[in-house]
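Novice: Dropping the sequence and predicted coords here.
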Amino acid sequence: MQIGKAVFITTRCFTTAKKEKVTKMSQRLILPITDMRITATYKNAQYKAYWGFHHYGLDAIGSNTDVYACGNGKVIACGPDGTTLYGDQSRLGNVIVIVYEDVLFQDETVSGLACRMFHFDQIYVQAGEYVTQSTVIGQYGNTGRYTTGPHLHIEFDTDTRWPCYAYGVASSGNIIKAGTIDSTKNANKIWYIGTDQQLRGAVNGWYKPEDINVPNLPENPPQTDYQALYEKEKNRAEQIQAQADACLSKKQALLAELKSLYQKYE
């Protein structure tokens, strides 16, 4: 591909990035690769022993190189992180940064997430575009300095204010900047295995069995009953108002009693 430009394919059928903003509500993320095999997990000790630095993301491969968006999000930045795509000056290769709002974690907490992905061979999106789970955002490859073969590196970060700042990166590149605070999260504690998706460990991969124990996406995710929530909050507000009115009446009665006593002994 030509350095500095995103590549778009027009001869295959897949959902393109959406220009309109996706409706904001809590969402569950799914795997970015349909048939996903993990080669190295989050903060894996074997990875650190091999490379000499911590791994703040997850590495994976698939039966093909298609990479999908994990959910409804906005592309913040994308393109080559270094001055070349391969070799010492390539840094993290072709990268994509996406922000997903209101993500529902497996432990039921909700947070916005920055998602940074490295080593793309081709990129099919542009900064400012909105994506969904059906959007193919690129093809993973072997671009970047620290790779031993084609794969996707993906990491999640709760710092959505500075989504391009990555903890553990020694210096800043074209897109990925050196971060100073570790606000990363383990992807396998966040996402789910979607419909027709598979997840397993790669042969000779750096992972433990518990590292890839990821739940399936619920077939019928619970829907928020906003009318019930409204009624609940309305009743709560009415109770608070009633308590306030009672306190005010009591205050007025006490003031009247004090006034009467003052007039009596004046």
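Specialist: Received, thanks. Numbering: from 1, shown residues only.

Novice: what residue ranges in the chain are flagged as low confidence?
Specialist: Counting by pLDDT under 70, the ranges of the chain that qualify are 1-24, 220-226, 266.

Novice: Can you check which strand is longest in it?
Specialist: strand 110-123 (DSSP state E).

Novice: Show me how far the helix or strand following it is from its chain's centre.
Specialist: From strand 110-123 onward toward the C-terminus, using DSSP states H and E, the following helix or strand is strand 130-131. Relative to the mean C-alpha coordinate of its chain, strand 130-131 is positioned 13 Å out (Cα atoms, centre = their mean, to the nearest Å).

Novice: Parallel or antiparallel, list what pairs with the helix or strand just after strand 130-131.
Specialist: Using DSSP H and E, the helix or strand that directly follows strand 130-131 along the chain is strand 136-140. Next to strand 136-140 in the sheet, as set by DSSP bridges, lie strand 66-68 (antiparallel), strand 110-123 (antiparallel).

Novice: Quick check: bridge partners of residue 80?
Specialist: Per DSSP bridges, the residues bridged to residue 80 are residue 94.

Novice: For residue 180, see how far away it is.
Specialist: 24 Å (Cβ to Cβ, to the nearest Å). For glycine as for every other residue, the C-beta is placed from the backbone atoms N, C-alpha and C.

Novice: More neighbours: which of these two?
Specialist: When neighbours are counted by other Cβ atoms under 10 Å, residue 80 and residue 180 differ, and residue 80 comes out ahead with 25 against 6.

Novice: Distance of that one relative to residue 141?
Specialist: Applying Cβ to Cβ, one obtains 12 Å for the distance of residue 80 from residue 141.

Novice: Quick check: neighbours shared by these two?
Specialist: Counting by Cβ atoms under 8 Å, 6 or more residues apart in numbering, the contacts common to residue 80 and residue 141 are 93-94.

Novice: Now distance to residue 148 too, for the strands paired with strand 136-140, in CSV please.
Specialist: As requested, these are exported to CSV (distance: least, Cβ to Cβ, whole Å):
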stretch, distance to residue 148
strand 66-68, 19
strand 110-123, 11
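
Novice: Including distance to residue 158 and mean neighbour count, could the ones you listed go into TSV?
Specialist: Putting the strands paired with strand 136-140 into TSV (distance: least, Cβ to Cβ, whole Å; neighbours: other Cβ atoms under 10 Å) gives the following:
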stretch	distance to residue 158	mean neighbour count
strand 66-68	22	22
strand 110-123	5	23
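
Novice: Can you say which of the ones you listed is nearest to residue 193?
Specialist: For the strands paired with strand 136-140, distance to residue 193 was read as Cβ to Cβ. The smallest value, 13.1 Å, belongs to strand 66-68.

Novice: List the contacts of that closest one.
Specialist: By Cβ under 8 Å, 6+ apart, the residues outside strand 66-68 that reach it are 14, 32-34, 117, 120, 133-140, 152.

Novice: try 6 Å this time
Specialist: 32, 136-138, 140, 152 (Cβ atoms under 6 Å, 6 or more residues apart in numbering).

Novice: how about these, which pair is most distant?
Specialist: Checked with Cβ to Cβ, the contacts of strand 66-68 reach their widest spread between 136 and 152, with 12.7 Å between them.
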